[in-house]
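J.: dropping a prediction and its sequence here:
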Amino acid sequence: MAGREDTFSYRLWRYDGAPGELIPLLQSAQDHFGYVPRKAINYIAGVTGIPESEVYGVITFYSQFRLRPMGKHVIRACAGTACHVSGSKMIIETIEDELGIEVGGTTDDGLFTLNTVACIGCCSLAPVIMIDDETHGQLTPASLRKLLRAFRRRVKISGSKAACGDAAVAG
């Protein structure tokens, strides 16, 4: 559990003009919101006196920062050597085509975020992806499309059951 010292507003309040605080402030904002929203950029710029354009430049320079929230489910596509020689590029293109997003993007419904990783560590299963903590290997474009559609259906069904359960509790 984050202590009081780790909260975004506490860090802003404690800022005393010391150089080198921009990155910790941005990390704190991202920890708090899950990404760095426009209002956080505005607050940080106001408190530090650093122009918003410069804050934005730092955010876009470092890959650790996100300007959009992550999807509910994160897909990690392996781009390591074994996966690369086994067709990871085609696998990544299939995901992009099936979900309508690019690497680093999130679907419009907020369900999926697609990232690539250097290695998942399952080289014998190449090409490999992970959806959250589930590993899926020896994929082909056809098997991947089937997997993504089944996963999406499963999520919608479990979401519907949860919504029905909420309605039953509320009603």
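T.: Thanks, I have the structure now.

J.: use CA for all of it now, contacts and neighbours both
T.: OK.

J.: now residue 76: which helix or strand?
T.: In the assignment (DSSP states H and E), residue 76 maps to strand 73-78.

J.: quick one, strands of the protein?
T.: 73-78, 112-117, 129-131, 134-136 (DSSP state E).

J.: reformat those strands as CSV; add mean pLDDT, distance to residue 12 and mean neighbour count.
T.: Formatted as CSV, these follow (pLDDT from 0 to 100; distance: least, CA to CA, whole Å; neighbours: other CA atoms under 10 Å):
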stretch, mean pLDDT, distance to residue 12, mean neighbour count
strand 73-78, 96, 30, 22
strand 112-117, 95, 29, 19
strand 129-131, 97, 35, 22
strand 134-136, 96, 38, 13
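
J.: out of the ones you listed, which gets nearest to residue 95?
T.: Proximity of these to residue 95 was assessed by CA to CA; the nearest stretch is strand 112-117, lying at 8.1 Å.

J.: return the alpha-carbon coordinates of that closest one using CSV.
T.: Output in CSV follows, covering the C-alpha atoms of strand 112-117 (Å, rounded to 0.1, in the frame of the first residue of the first chain):
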residue,chain,number,x,y,z
PHE,A,112,-6.9,-4.6,-24.7
THR,A,113,-3.5,-2.9,-24.8
LEU,A,114,-0.9,-4.3,-27.1
ASN,A,115,2.8,-4.2,-26.2
THR,A,116,5.8,-6.0,-27.5
VAL,A,117,8.5,-7.4,-25.2
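
J.: residue nearest the centroid of the chain?
T.: residue 70 (3.5 Å; CA atoms, centre = their mean).

J.: list the contacts of that residue.
T.: By CA atoms under 8 Å, 6 or more residues apart in numbering, residue 70 lies in contact with 34, 35, 106, 110, 112, 113.

J.: same question for residue 144.
T.: 91, 94, 95.

J.: against residue 39, how distant is residue 144?
T.: As defined by CA to CA, to the nearest Å, residue 144 lies at a distance of 38 Å from residue 39.

J.: also residue 96?
T.: Counting by CA to CA - residue 96 and residue 39 are separated by 30 Å.

J.: out of those two, which sits in the busier spot?
T.: Comparing residue 96 with residue 39 by other CA atoms under 10 Å, the one with more neighbours is residue 96, at 16 against 10.

J.: and the more buried one, what does it touch?
T.: Counting by CA under 8 Å, 6+ apart, residue 96 has contacts 102, 103.

J.: tell me the confidence at it?
T.: pLDDT recorded at residue 96 is 97.

J.: and if you look at residue 25?
T.: In this model, residue 25 is scored at 93, pLDDT.

J.: distance of it from residue 17?
T.: Counting by CA to CA, the gap from residue 25 to residue 17 is 12 Å.
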